[in-house]
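# got a sequence here, can you model it:
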Amino acid sequence: MLSRKAEDYLEAILNTAEAKGYTRVKDITQALDVKPSSVVEMLKRLNDSGHVIYKKYEGVRLTPKGKAVATIVKDRHETLRAFLEIIKVPLALADKDACIMEHELDSKTIEQVKCLVNFVKSAPDYPQWLEHFEIFCATGVHPCGEEKRKKIGSSRKPKHN
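Numbers count the residues shown, from 1 in each chain. Take a look at the predicted model:
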């Protein structure tokens, strides 16, 4: 079982390799905001565990084992970030919180969140309930609340004999 930190390194390596075609210590240092010495230390551990191939001055590559882990972590991150964006969490905060949550939530929970994200994104039109949610976030009042109260009130009028 890898630590959260190790998973973050694998994800950073994958993201950088996908963007640039290669990954160097400097890229990981920038992506994770850590010191080069910390990166080298983690790369040696990941190399020893068979997750990466690291050679000094040549950069780092994910092994199939490392890529499998990195892909899962990246998918979890993207799913959680998309969910947080749907519920109007600011982008930078959504990205930061997704990074924390990706390591903590059970895989079944992630799958349900992914289903919800896919459901919302595949809706033919912008869902009305999502517009209502935005209004609720801004005002603290459900936009259908007044309508419901009126309907309930009219159905509860006392009967005259």
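
# which stretches of the chain form helices?
Applying DSSP state H to the chain gives helices spanning 4-20, 25-32, 36-48, 64-86, 91-104, 107-121, 128-139, 145-155.

# average pLDDT for the longest one?
This means helix 64-86. What helix 64-86 shows for mean pLDDT is 97.

# now for that helix, which elements pack on it?
helix 4-20, helix 91-104, helix 107-121 (3 or more Cβ pairs under 8 Å, 6 or more residues apart in numbering; DSSP states H and E). Quick note: C-beta positions are derived from backbone N, CA and C, even for glycine.

# which of the ones you listed sits most buried?
helix 4-20 (a mean of 19; mean count of other Cβ atoms under 10 Å).

# any idea how far that one is from the chain center?
14 Å (Cα atoms, centre = their mean, to the nearest Å).

# before we move on, the earlier item: the helices of the chain: which one's closest to Y57?
Set against Y57 and scored by Cβ to Cβ, these come closest in helix 25-32, at 9.4 Å.

# tabulate the CA atom coordinates of the closest one in PDB.
The C-alpha trace of helix 25-32 is given here as PDB (Å, rounded to 0.1, in the frame of the first residue of the first chain):
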ATOM      1  CA  VAL A  25      13.000  16.000 -11.000                       C
ATOM      2  CA  LYS A  26      12.500  19.800 -11.600                       C
ATOM      3  CA  ASP A  27       9.000  19.100 -13.000                       C
ATOM      4  CA  ILE A  28       7.900  17.200  -9.900                       C
ATOM      5  CA  THR A  29       9.500  19.800  -7.700                       C
ATOM      6  CA  GLN A  30       7.300  22.500  -9.400                       C
ATOM      7  CA  ALA A  31       4.200  20.300  -9.500                       C
ATOM      8  CA  LEU A  32       4.200  19.400  -5.900                       C
END
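
# ok, residues contacting that helix?
For helix 25-32, contacts defined as Cβ atoms under 8 Å, 6 or more residues apart in numbering pick out 8-9, 12-13, 15-16, 20, 34-36, 39-40, 43, 59-60.

# quick check: angle from that helix to helix 36-48?
100 degrees (axes from the mean of the first three to the mean of the last three Cα atoms, to 10 degrees).

# now do the buried residues in helix 25-32.
25, 27-29, 31-32 (16 or more other Cβ atoms under 10 Å).

# how far off centre is it?
Helix 25-32 has its C-alpha centroid displaced from the chain centroid by 20 Å (Cα atoms, centre = their mean).

# check contacts around K114.
Residues near K114 by Cβ under 8 Å, 6+ apart: T79.
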